[in-house]
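Visitor: I would like to see how this sequence folds:
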Amino acid sequence: MSGIEAGDRAAAPRLAIVIVSFNTRRRLEACLRALGDAASVIPHEIVVIDNGSTDGSPDAVAAGWPEAHLVRLGANTGFAHAANLGMRRSGGELVLLLNSDAVAPPGSIDRLVAALDADETAAVAGPRIVAPDGTLELSFGRMISPWNELRQKVIARAASSRLPLAARWTARRTAQPRYVDWVSGACLLARRRDAEAVGLLDERFFLYTEDVDFCAALRARGRRVLFTPAAEIVHARGSSRKTDPAAAQAAYRRSHLAFYAKHHPRWLPLLRAWLRVRGELPRPDSAAPP
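Guide: Presented below is the predicted three-dimensional model:
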């Protein structure tokens, strides 16, 4: 099937919700149920791209949500490729990338859209994200660099530890809207015209860092990235990763290396050496996760 033509896009619902799924049937069903219960007042369509799941996810979507546009891929082509396919096969001026393990409470998507609508300088908006147990996730940050990456990991681990001081700091950081370098791709709302202007997601990133790279491309065009606590999403982080942790870790490291090759080439040899010492350097011929 080809992409949506301009005339078809004009007639499409205003918002396209694109969900990429890989062996997360239970979480995916919860995600879709929540979208039905949320009763968004914004006209929208739902596109589910199944990345070669073997857990019955596609059949469950076809049976339970026939109104969704389901695309079955025969293999895991990576998050960026699948998300791009979903964007190309949908219409409307706004596109929401929503993880299959994320749940949108009633009104949350409408509030996220309202925040983006209110700020013409922003190309992207991301909500506050919480874990199912209520732990706040630091779902935004500074552009990835050796120092910023270390800083983000320390902060994220402190936040997930639920230490009172770390929890209070995270609560303060996520209490106010702010412009940031990136927001998490677990729930990322973008203006289609901006997404298309930067060529959508860079598909060299099979899994992870594609959201940071995407936001960097938008900022390079003078557009802003908005974090807003007006909307809140519940995210069971890492559901797909749990189906094959070793393959997911290798995919993460390949994306990690690709990111540094693109944005910080001078640091790439040091990163490769560090990963080699840790025994985490992916083999050059290692395949993508199945």
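
Visitor: all the strands of the stretch 101-250 of the chain, residue numbers only.
Guide: Secondary structure of the stretch 101-250 of the chain by DSSP state E, counting those that start in this stretch: the strands cover 102-103, 122-130, 136-137, 140-141, 178-180, 182-183, 187-191, 224-235.

Visitor: put the alpha carbons of the last one into CSV.
Guide: As requested, the backbone C-alpha atoms of strand 224-235 are provided in CSV (Å, rounded to 0.1, in the frame of the first residue of the first chain):
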residue,chain,number,x,y,z
ARG,A,224,10.9,23.7,19.9
VAL,A,225,10.3,20.6,22.0
LEU,A,226,7.7,21.0,24.7
PHE,A,227,7.3,19.0,27.9
THR,A,228,3.9,19.5,29.5
PRO,A,229,2.6,18.0,32.8
ALA,A,230,-1.0,18.9,31.8
ALA,A,231,-1.2,15.4,30.3
GLU,A,232,-0.1,12.2,32.1
ILE,A,233,0.5,8.7,30.6
VAL,A,234,1.1,5.5,32.5
HIS,A,235,4.0,3.5,31.0
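
Visitor: list the strands paired with that strand, with their directions.
Guide: strand 102-103 (antiparallel), strand 122-130 (parallel), strand 178-180 (antiparallel) (DSSP bridges).

Visitor: which residue is the nearest non-sequential neighbour of the most centrally placed residue in the chain?
Guide: When the chain is reduced to its mean C-alpha position, the closest residue under Cα atoms, centre = their mean turns out to be G185, at 1.9 Å. Nearest in space to G185, with sequence neighbours left out and distances taken as Cβ to Cβ, 6 or more residues apart in numbering, is D211 at 3.3 Å. Every residue, glycine included, has its C-beta placed from N, CA and C.

Visitor: what is the neighbour count of the one you found?
Guide: Residue neighbour count, defined by other Cβ atoms under 10 Å, stands at 25 for D211.

Visitor: thinking again about what came up before, redo the strands of the stretch 101-250 of the chain as JSON lines? Include mean neighbour count and distance to A258.
Guide: Written out in JSON lines, the entries for those read as follows (neighbours: other Cβ atoms under 10 Å; distance: least, Cβ to Cβ, whole Å):
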{"stretch": "strand 102-103", "mean neighbour count": "23", "distance to A258": "25"}
{"stretch": "strand 122-130", "mean neighbour count": "25", "distance to A258": "21"}
{"stretch": "strand 136-137", "mean neighbour count": "21", "distance to A258": "24"}
{"stretch": "strand 140-141", "mean neighbour count": "22", "distance to A258": "19"}
{"stretch": "strand 178-180", "mean neighbour count": "15", "distance to A258": "22"}
{"stretch": "strand 182-183", "mean neighbour count": "26", "distance to A258": "16"}
{"stretch": "strand 187-191", "mean neighbour count": "25", "distance to A258": "19"}
{"stretch": "strand 224-235", "mean neighbour count": "21", "distance to A258": "21"}
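
Visitor: what's the pLDDT at T243?
Guide: Taken from the predicted model, the pLDDT recorded for T243 is 67.

Visitor: check the one 10 residues further on too.
Guide: Turning to R253, the model gives it a pLDDT of 92.

Visitor: follow-up on the earlier one: roughly how far apart are the residue nearest to the centre of the chain and L96?
Guide: Summarising the geometry, the distance separating G185 from L96, computed by Cβ to Cβ, to the nearest Å, is 11 Å.

Visitor: helix or strand next in line after the helix or strand containing D37, which one?
Guide: Element membership for D37, per DSSP states H and E: helix 25-38. Secondary structure here is assigned by DSSP H and E; on that basis, the next helix or strand after helix 25-38 toward the C-terminus is strand 44-51.
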